[in-house]
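Novice: just need the structure, nothing else, for what follows:
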Amino acid sequence: MSQFDPSSDAPRPERPRPRAFRLDQLGEDMVAPQPDYYEFEAAQAAAAQPSVAAEKEERATEEAQAEGFAPKKGGWTWGGVLLSALGALVSLSIALWLDTLIEELFAKSKALGALGLGLAGLILVAIGVLVSREISVLYKQRAIARLHRSLAIAHENDDVGMAKAKVAELISLYSDKPEMDVARKRLKELRNEIIDGAARVEIAEKALMPALDSAARAEIAKAAKAVSLVTAIAPRAIIDVVFVAAQALRLIRRISEIYGGRPGMLGAFRLARAVGTHLTLTGAVAIGDSLLQQIVGHGVASRISSRLGEGVLNGLLTARIGLSAMAVCRPMPFIAEKQPSISDVAPFLLKRGDKDKAAG
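Specialist: Numbers count the residues shown, from 1 in each chain. The predicted structure is shown next:
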């Protein structure tokens, strides 16, 4: 602060003098403007919308996981009785047929009978291995769904102990991926650091998930491009249906493998059920995405051939299925990382619509 020099000829600076005023005589220049209450409420609501949408998406994901991997236990149904009776009858018929076949082989030759008996035993061993593998895969997929829920709770409640335990479980899930050694080592170094629960979960997501998310997005883009191309050039509608269904199932299984699952036949069925539930809960079964509305608004259906338009729509549907598979198969929710949208995984479909609009 500069000091006033009394010996100088410069005029003494004027100090503000105190003054008195009455409350009913306050001028507008004396009162600081206050924010409007309703504008403040609107701003708060706008700021809360993304978190509300994310919370709704997370509830849909967890409900889809529970429906696909851990269905609610209930009483018997006639459909279940029918399937059980049919399965038992088919198994009994096969067993009787094998018994008769082996007896006939023994009647012809002891060597043929022994060979038939050995082959029957090998078949039973293979069936046992396949069944045990399916059961282990279902348990692993269920464990991933539980891990997803636990990490969401640990982040929401800022639970340090729970976050530390579940992050360690997440690290062990990818112990067989050498490309993630650096990330795992870094997270293990932070195990004894003083970090709150929410931050620990976010750090784990930023360290482990980006590489897996990138691989999943690449698979979605590949499937969407293939479906769009085949639909546009396929001569028969039945080819479209079969190819789209096959690509969707392959995409779901591939995304599950990326995130640590290895679904077999029954596991793929459960996984497809979970993805279908997620599509229904999020209102995306009819591709009710704003990007699709934008494409339709651009007049793709009227500016290009019907086959090419079907290719774009089928590609968008495949991309949406892939995004639902990401949400269901991911071992933790999207917290620190941005959840991808159709424009992130299949921008080429949207650019095609823009080019057709410009050409028209």
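Novice: now the top helix by length along the chain: mean pLDDT?
Specialist: Counting by DSSP state H, the longest helix found in the chain is helix 110-157. Helix 110-157 carries an average pLDDT of 90.
Novice: elements contacting that helix?
Specialist: helix 37-69, helix 78-108, helix 160-173, helix 197-233, helix 265-281 (3 or more CB pairs under 8 Å, 6 or more residues apart in numbering; DSSP states H and E). Every C-beta, even on glycine, is put in place using the N, C-alpha and C of the backbone.
Novice: how about these, which one is nearest residue 135?
Specialist: Closest to residue 135 of the helices and strands packed on helix 110-157 is helix 265-281 (CB to CB; 8.7 Å).
Novice: quick one: residues in contact with the closest one.
Specialist: 60-61, 63-65, 67-69, 134, 137-138, 141, 249, 252-253, 256, 261, 263, 285, 320-321, 324-325, 327-329 (CB atoms under 8 Å, 6 or more residues apart in numbering).
Novice: so where is the stretch 201-350 of the chain shaky, pLDDT-wise?
Specialist: Within the stretch 201-350 of the chain, the stretches with pLDDT under 70 are 283-308.
Novice: any chance you could list what contacts stretch 90-108?
Specialist: So stretch 90-108 is in contact with 112-113, 115-117, 120, going by CB under 8 Å, 6+ apart.
Novice: need the residues you listed in JSON lines with neighbour count and distance to residue 196, can you?
Specialist: Converted to JSON lines, the contacts of stretch 90-108 look like this (neighbours: other CB atoms under 10 Å; distance: CB to CB, whole Å):
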{"residue": "112", "neighbour count": "14", "distance to residue 196": "71"}
{"residue": "113", "neighbour count": "17", "distance to residue 196": "70"}
{"residue": "115", "neighbour count": "13", "distance to residue 196": "66"}
{"residue": "116", "neighbour count": "19", "distance to residue 196": "66"}
{"residue": "117", "neighbour count": "15", "distance to residue 196": "64"}
{"residue": "120", "neighbour count": "15", "distance to residue 196": "60"}
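Novice: show me how far the longest helix of the chain is from its chain's centre.
Specialist: 24 Å (CA atoms, centre = their mean, to the nearest Å).
Novice: report the angle between that helix and helix 78-108.
Specialist: 150 degrees (axes from the mean of the first three to the mean of the last three CA atoms, to 10 degrees).
Novice: what's the angle between helix 110-157 and helix 197-233?
Specialist: Using the same axes, to 10 degrees, helix 110-157 lies at 120 degrees relative to helix 197-233.
Novice: what about the residue nearest to residue 261 when sequence neighbours are not counted, neighbour count?
Specialist: Leaving aside its sequence neighbours, residue 261 sits nearest to residue 141 (CB to CB, 6 or more residues apart in numbering; 5.0 Å). Look at residue 141: counted by other CB atoms under 10 Å, it has 26 neighbours.
Novice: what does the one 4 residues further on give?
Specialist: The local packing count at residue 145 equals 23, with neighbours defined by other CB under 10 Å.
Novice: in CSV: the contacts of stretch 90-108, plus distance to residue 204.
Specialist: Converted to CSV, the contacts of stretch 90-108 look like this (distance: CB to CB, whole Å):
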residue, distance to residue 204
112, 60
113, 59
115, 55
116, 55
117, 53
120, 50
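Novice: could you single out the nearest of those to residue 169?
Specialist: Relative to residue 169, and with distances defined as CB to CB, the nearest of these is residue 120, at 41.7 Å.
Novice: and the closest one, how far from residue 113?
Specialist: Distance of residue 120 to residue 113, given as CB to CB, to the nearest Å: 11 Å.
Novice: against residue 224, how distant is residue 108?
Specialist: Counting by CB to CB - residue 108 and residue 224 are separated by 57 Å.
Novice: and the two? which has more neighbours close in?
Specialist: More crowded of residue 108 and residue 224, by other CB under 10 Å: residue 224, with 27 against 11.
Novice: return the residues in contact with the more buried one.
Specialist: 315-316, 318-319, 322, 345-346, 349 are the contacts of residue 224 under CB under 8 Å, 6+ apart.
Novice: try 6 Å this time
Specialist: 315, 318-319, 346 (CB atoms under 6 Å, 6 or more residues apart in numbering).
Novice: so which of the residues you listed are in helices?
Specialist: Short answer: the contacts of residue 224 in helices (DSSP H) are 315, 318-319.
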